[in-house]
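The amino acid sequence is not available; the structure is as follows:
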């Protein structure tokens, strides 16, 4: 998935609740709003092919790498060194 989002400064209690849940004493700041979202996935191709497709798409959207790129992985240890 790739998308554009502006900064959305938040505090810990905006994201994670205490054991009592959210209360009215602290107003929650909104999270980032995704724009120009692009999603992909595949049952026919392995993860390596899909990841390559995502990076190719991101490269096409930001050829000069002027944006901040953030990559999240699913925790599969064999992918963390790539």
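Everything's here; your move. These numbers were taken from a predicted model, which means no experiment stands behind them.

Contact partners for residue 53?
residue 40 (C-beta atoms under 8 Å, 6 or more residues apart in numbering). Quick note: C-beta positions are derived from backbone N, CA and C, even for glycine.

chain center to the one helix or strand it maps to: distance?
If you go by DSSP states H and E, residue 53 is part of helix 47-61. A distance of 14 Å separates the centroid of the chain from that of helix 47-61, by C-alpha atoms, centre = their mean, to the nearest Å.

what mean pLDDT would you report for it?
In this model, helix 47-61 has a mean pLDDT of 87.

Which parts of this protein are strands?
2-4, 35-38 (DSSP state E).

Among these, which comes closest to residue 44?
Nearest to residue 44, of all the strands of the chain, is strand 35-38, at 18.8 Å by C-beta to C-beta.

who's in contact with the closest one?
Strand 35-38 is contacted from outside by 1-5, 57, using C-beta under 8 Å, 6+ apart.

redo that, cut-off 6 Å
Outside strand 35-38, the residues that touch it by C-beta atoms under 6 Å, 6 or more residues apart in numbering are 2-4.

among those residues, which ones are buried?
Buried subset of the contacts of strand 35-38 (neighbour count, 16 or more other C-beta atoms under 10 Å): residue 2.

Considering the contacts of strand 35-38, which is situated nearest to residue 61?
The closest of the contacts of strand 35-38, once distances to residue 61 are taken by C-beta to C-beta, is residue 2, at 6.6 Å.
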